[in-house]
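Visitor: need a 3D model of the following:
(chains A, B and C)
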Amino acid sequence: MATLWSETNPYLGAPKGDTDFARITDNVARVAEAAKPPMGWYIAFAIALTMLTGFGASLAWVSWTGIGAWGNMHPVAWGFPIVNFVFWVGIGHAGTLISAILFLLRQTWRTAINRFAEAMTIFAVSCAGVFPGVHIGRPWMPYYMFPIPNQMNMWPQFRSPLEWDIFAVGTYFTISLLFWFMGMIPDFATLRDRATTTPRRLIYGIVAMGWRGSSRQWHRYERAYLLLAALATPLVLSVHSVVSFDFATSQAPGWHTTIFPPYFVAGAIFGGFAMVVTLAVPARQFFGLKRLIEIRHLELMNKVILATGMMVGYAYGMEFFIAWYSGNPYEVFVFVNRAFGPYAWAYWTMIACNVLIPQLHWFQKVRTNVWCTLAIGVVINVGMWFERFVIICTSMSRDFMPANWGYFVPSTIDYLTLGGSFGLFFTLFLLFCRFLPMVAIAEVKGAHRDAHANHGGHGGHDHSHAPETA
Amino acid sequence: MPTMAGTAGMITLTRPRQLEEPQMSEMHHKKPESQEDAPLFGLLAEYNTPSELILASQKVRDAGFTRWDTFTPFPVHGIDRAMGIKMTRLPWLVLGAALAGLSLAIWLQWWTNAVDYPWIISGKPFWSLPANVPIMFELTVLFAGITAMVGMLVMNGLPEPAHPLDLKRRFARATDDKFFLLVETRDPRFDEVLTRSLLEKSHPAALEDVPEDRTTSAQIPTGLIYGLIVLTAIAVVPFALFAKARTTKSRNTRIHAIADMDSQPKFKTQRENLIFADGRSMRDPVAGTVAQGQLRDDDALYLGKVNGAWARTFPSQVTPTAELMDRGEQRFGIYCAPCHGQSGEGDGMVHLRASKLGQGWVQPSNIHQQYIREQPVGQLFNTITHGIRSMPAYGPQISAEDRWAIVLYLRALEKSRAANLGELTAEQRQNLK
Amino acid sequence: MADSNSRDKKSKSQHPAKGSGHGTSSWGDVIRNSSDTHRLFVFAGGIGGVALLLSVALGMGDFKRFQYSYLVAFMWTLSISLGGLWWVTLQHLVNAKWSIVVRRVGELIAANIGLMAILSLPIVVPALLGNSDLYVWVDSHRMQENHVLHQKSAYLNVPFFAIRVVVYFGFWFLLSQHLLKSSLKQDSEKADTQTVRLRRLAGPAMMGVALTLTFAAIDFLMSLNPMWFSTIFGVYYLAGCVLAIHASLALTLLWLQKRGVLVKTVSQEHFHDIGKMMFAFTIFWAYIAFSQFMLIWYANIPEETHWYLLRAENGWLKVTWFQLIGHFILPFAFLLSRHMKRSRTALALGALWVLFVHYVDMYWLVMPTTFVEGPEVHILDLTCWVGLTGVFVAAVAYRARGLNLVAVGDPRLETSLAFENV
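Guide: Predicted coordinates for the structure are as follows:
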């Protein structure tokens, strides 16, 4: 362990530069420029690659032998695959919220973490997208999902929420990718201008597209950024709402309830932020980014976690109350079954992880402690996975006809697929950390106090003289 | 690194910056029409803080320059106003794209699900606006977002592989921590002396001449062109193959990449089976054998024949009772009424529909006709069993006992139209009144 | 420009602490106004009072109609107060800086809750006295009609309802008064103790607001059709409250600025932000309304669809279409452009429209319960609305007299004054 933190770690030590701006540049750029990352990166990458291989192997096995390799059975025909899908899509939401919504709300603290979080979104949505692709049983026929003219004269069923999912997740992935890439253009330019080897110069140069920081270009860039942020905000709300429609449009008790859209969105942000902090704590430590990703950023994220956790708790409460209020015995049964039926262990895990443990964040000492932040982040991710498990598997295992009731048991391939998806995520993430600018260099500089020109009594945040009339 | 100078344009954008020597010695390695005699492109002023840049920009703006720009590592707040940059038209472009996406989504879902291939699903209307809203929203955002990004790049003139500023070593810090201002000679108000002094008044950290770029070729490298041609050619091949496959015939079987369970190793009815001499999959029963329950040696019951002639009475196994009559009525309703009608007149639903279609349909017989009424029960039984003219055989579908029940019911139906008053009992005659 | 200069001179000559009725801030703006607010109090109070009396008189003849019209107007005015309460709590919770100059007005609007408690009596008292014109569940015999209602009667019964009403208004009253009083105390303290305290309080307070608002909406609005239910209903009402408060803030501030108050304090930037919130929550309302509708439409379960069927048939279909066009499409298109949000006139028109369509929304929620054929507009609708709005405005004006209309003691005031939009 000591070697991971030794002087040979190119990410540690004071960043070079005679101005704050230069130091910010160096702090972030040197991570991407290091010729060889420390051993720790290789170890983590090896583990991630192994998990990714497991993922590939389990998916190949399922494609070869069929869906029977999973634990899906009657009546729980939707098992792990959709739980994993909703889980990963949810995690992606934090990135867009940090990028887009916090941008619209002028929260400059987001600049330290937004690049990181956006990358997480892309990778999480990639993981998510795998599951609908393979769970259809004949993954070589995905073209059915898209409105492509074909010899059968068939079109997709646009009245189905599963079809809406294709468009929602597809749009989300595309827009997130564009947003992420656009944000990186100025930083690619920075890396290009600092590059010492030809391959790096060429590659960063091509993706930077010749960006030179012209203010006229910045003007349009800023406008496009604002437009993308304004578009991404309702988009991120719509994506998880559409995912919730997968369940809420049905007639199944426990699924068909009007609060699902905002509840799922709040839950997604909740889980997503938990993943962001889970990754931010080790990343800032290991990559020497503690000066940029400060405790106050972690604290603010923990506050968002607490707030969205309360929203999720509110939704749990409303579901419960209205189930009773509706007088529908099947609806009541669903909730009684969740808490006291055969899956009670999953339900109470969910409650403990999502409702009880996050309450610790009311205390500032907990919010500002990195280990607590990390631990609670992991706990919440577990809890959010279980929430989807409870909603899907518990409800389906006790459906309308008692003769149909059954207990779903995941198969080995199920576990391998779930674990392996983390492999895909971490592989991509580690590659991102290694080669791409992990922090939005230009944005952090823009939020820095030196960035604001003090001219003629206008603008700036720390003045104490009278402003002009607007 | 000197070998890279002066060849392809793309490489210039990646010109190394950390040279320990100034550029002059490097330029001596170049070919003629060199950088040495390059005319002035513009004047570049460098500043250490955003405020200085803002002040300088205001001066340049107020002096009426138009061909000038500033370069900063991050967007400087207030620089737009200081430079007099007008609001971009990009939002309008994005709005247009959003509306295009919205229209496409509405049209797509309407045309595919309500016009081209309408089909009922869960009782929803063919064109279900509430169900179409999510995709309407997504396509609006997709089109708008792509346009915002691509529009921004295009309007910014990106990618911009080469620019004279790339030759200035100090300019590399424009993406790091320094702020630059460039006034181009192309500007009508440009005057080398006056403009220089104007810039000097803003106290820049450095003020440099920017020569035009004579080292970068304006042409795309030949390697790249050839590469693109080759790639395009390769990319066309699959489509050419598809086109050929769609328009020609072949004696070969189709390439069946994913077998699924499409070709199963089993013997279907008309398939070849080489185990047998005659090569047929369907086999006759062994000669001289009868399957169990298939003996049917009672002609009266199974064929309606007695001593070779049509039976005139019901076979001994079938007793005409009220229950048999009810059974016959029920079976008639199932098997016979669709064509012959409930009353037996030949006006069943199938006849009504088929005669409307007018495709050469002959009306089913009216069983009340004289010649049918005169037929012996055995003959009726035979007609049901083996069919007649266009009527198919119902023997395979209906058991012998049930067929006799139907015959019983037929006789009752016929009687209903052809009864004499004399055949009624006194009580029945009373009811008629 | 000339206008504000002349007012500057006026305020300078009437230097504060002379009981002039106009107070000046350290940055030279008028931040107190007693004469105009007093006049507003008298005017609004007068008209409101007369209209209320007229409503009561008319109500004697047709009590049921009175109750329905009153409920619509009551839930509309309540939504403004509750929206204010939610909004002020939120500003404290997220440590918002832009809104500090605007917050006092929000606090004053929220502090109206005490009056709303009294104004709720024409709805609550008849229920207590057993009148089931409005709420079927008041009649315990009707609740035995079927098994479902019978089960619900554990919640939908008069005593429990009365307790809940006391809890709602009690909580809202205490919280709103506390927020206002703390803010006023800070005016003289000029320290950040109140800010820190209120920020800590805001978390639990927000939870309380969310729950009480949800159950108030359920009790007053959703229970009109006791057989119907929707888990998102509380959020739906909240969306309306948020729209109502932003529109009200915009109109109040614009009115004040026309009277020469807060001219230098509240800038185009602040109005832009209010406009942005109105725009955002128009979309949010549409999202919630659509979610509720589409899910019920899609599953097509009669237990749930009957509520929407009432609003899709006969005369109500037009109003439902109006909700889509007037409550979403028009305000969306209107407030989309940056220019509209930065124009005072446009914002005022937008705010008026939003308040109008919000009223139609309340009408659409309440009236189809009993007027199945279609909207039957009645003079009582107008008199109740005028009455309640007049009294509401009068109460806010009354509370505002002599008070600073800006939270001068807030430590982040400077940031808010200097705030500029992207």
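
Visitor: give me the neighbour count for the closest residue to chain A within the stretch 201-350 of chain B.
Guide: With Cβ to the nearest Cβ as the measure, B:Ile258 is the residue of the stretch 201-350 of chain B nearest to chain A, at 5.4 Å. C-beta: built from backbone N, CA, C; applies to glycine. Applying the criterion other Cβ atoms under 10 Å in any protein chain shown, we find 8 residues in the vicinity of B:Ile258.

Visitor: ok, now which ones touch it?
Guide: Taking Cβ atoms under 8 Å, 6 or more residues apart in numbering or on different chains as the criterion, B:Ile258 is in contact with A:Arg138, A:Trp140.

Visitor: that one and chain C, how far apart?
Guide: As for B:Ile258, its distance to chain C is 34 Å (criterion: Cβ to the nearest Cβ, to the nearest Å).

Visitor: check A:Arg291 too.
Guide: For A:Arg291, the distance to chain C under the criterion Cβ to the nearest Cβ works out to 23 Å.

Visitor: repeat for A:Phe158
Guide: 13 Å.

Visitor: tell me the contacts of that residue?
Guide: When contacts are taken as Cβ under 8 Å, 6+ apart, A:Phe158 is in contact with B:Leu108, B:Gln109, B:Thr112, B:Asn113, B:Ala131, B:Asn132, B:Ile135.

Visitor: could you rerun that using 7 Å?
Guide: By Cβ atoms under 7 Å, 6 or more residues apart in numbering or on different chains, the contact list for A:Phe158 reads B:Gln109, B:Thr112, B:Asn113, B:Asn132, B:Ile135.

Visitor: ok, A:Leu430 next?
Guide: Here A:Leu430 is in contact with A:Trp41, A:Ala44, A:Phe45, A:Ala48 (Cβ under 7 Å, 6+ apart).

Visitor: leaving out the residues flanking it, which one is nearest to it?
Guide: For A:Leu430, the nearest residue in space outside its immediate sequence neighbours is A:Phe45; the separation is 5.0 Å by Cβ to Cβ, 6 or more residues apart in numbering or on different chains.

Visitor: show me where the stretch 201-350 of chain B has strands.
Guide: Counting by DSSP state E, counting those that start in this stretch, residue ranges of the strands within the stretch 201-350 of chain B are B:206-211, B:305-306, B:309-310.

Visitor: now the residue of chain C found nearest chain A: how far from C:Trp27?
Guide: Sorted by distance to chain A under Cβ to the nearest Cβ, the residues of chain C start with C:Ser267, at 2.9 Å. From C:Ser267 over to C:Trp27 the distance is 12 Å, taken as Cβ to Cβ, to the nearest Å.

Visitor: higher neighbour count, these two?
Guide: Comparing C:Ser267 with C:Trp27 by neighbour count (other Cβ under 10 Å), the higher total belongs to C:Ser267, at 23 against 17.

Visitor: just the element for A:Val130, please.
Guide: Mapping A:Val130 onto the secondary structure by DSSP states H and E places it in helix A:114-135.

Visitor: show me what that helix is packed up against.
Guide: helix A:39-65, helix A:80-96, helix A:161-194, helix A:260-286, helix A:412-435 (3 or more Cβ pairs under 7 Å, 6 or more residues apart in numbering or on different chains; DSSP states H and E).

Visitor: C-alpha coordinates for that helix, CSV please?
Guide: Listed in CSV are the C-alpha atoms of helix A:114-135, where the atom choice follows Å, rounded to 0.1, in the frame of the first residue of the first chain:
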residue,chain,number,x,y,z
ASN,A,114,-19.1,17.8,-13.0
ARG,A,115,-16.6,16.2,-15.5
PHE,A,116,-16.3,13.2,-13.3
ALA,A,117,-20.0,12.9,-12.8
GLU,A,118,-20.8,13.3,-16.5
ALA,A,119,-18.3,10.6,-17.3
MET,A,120,-20.0,8.4,-14.8
THR,A,121,-23.3,9.1,-16.6
ILE,A,122,-22.0,7.9,-19.9
PHE,A,123,-20.5,4.8,-18.5
ALA,A,124,-23.6,4.0,-16.3
VAL,A,125,-25.9,4.4,-19.2
SER,A,126,-23.7,2.2,-21.3
CYS,A,127,-24.0,-0.5,-18.7
ALA,A,128,-27.7,0.1,-18.5
GLY,A,129,-28.1,-0.2,-22.3
VAL,A,130,-26.6,-3.7,-22.3
PHE,A,131,-29.5,-5.2,-20.4
PRO,A,132,-32.5,-4.4,-22.6
GLY,A,133,-30.2,-5.5,-25.5
VAL,A,134,-29.6,-9.0,-24.1
HIS,A,135,-32.7,-9.7,-22.2
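
Visitor: can you check what angle separates that helix from helix A:412-435?
Guide: Angular relation of helix A:114-135 and helix A:412-435 on a 0 to 180 degree scale: 150 degrees, by axes from the mean of the first three to the mean of the last three Cα atoms, to 10 degrees.

Visitor: residues contacting B:Thr313?
Guide: B:Val377 are the contacts of B:Thr313 under Cβ under 7 Å, 6+ apart.

Visitor: pLDDT score assigned to it?
Guide: pLDDT recorded at B:Thr313 is 93.

Visitor: so it versus B:Trp404, what's the distance?
Guide: Taking Cβ to Cβ as the measure, B:Thr313 falls 11 Å from B:Trp404.

Visitor: repeat for A:Thr258
Guide: With Cβ to Cβ as the criterion, A:Thr258 and B:Trp404 are 63 Å apart.

Visitor: repeat that for A:Ile82.
Guide: With distances defined as Cβ to Cβ, the gap from A:Ile82 to B:Trp404 amounts to 59 Å.

Visitor: without its sequence neighbours, what residue ends up closest to the residue of chain B with the smallest separation from chain C?
Guide: In chain B, the residue that lies nearest chain C is B:Pro130 (4.7 Å; Cβ to the nearest Cβ). Excluding the flanking residues, the one nearest B:Pro130 by Cβ to Cβ, 6+ apart is C:Met294, at 4.7 Å.

Visitor: can you classify the one you found by secondary structure?
Guide: helix (DSSP: H, G, I helix; E, B strand; the rest coil).

Visitor: that one: neighbour count?
Guide: 22.

Visitor: which residue is nearest the middle of chain A?
Guide: Of all residues in chain A, the one closest to the mean position by Cα atoms, centre = their mean is A:Gly92, 2.5 Å from it.

Visitor: and residue 324, its phi and psi?
Guide: Picking chain A for this. Torsion angles at A:Trp324 (phi, psi; degrees, to the nearest 10) stand at phi -70, psi -50.

Visitor: can you look at chain C instead?
Guide: With angles defined as degrees, to the nearest 10, C:Leu324 sits at phi -60, psi -50.

Visitor: ok, it to C:Asp381 distance?
Guide: Using Cβ to Cβ, one gets 22 Å for the distance from C:Leu324 to C:Asp381.

Visitor: and if you look at A:Val243?
Guide: For A:Val243, the distance to C:Asp381 equals 42 Å [Cβ to Cβ].

Visitor: perfect, I'm done here.
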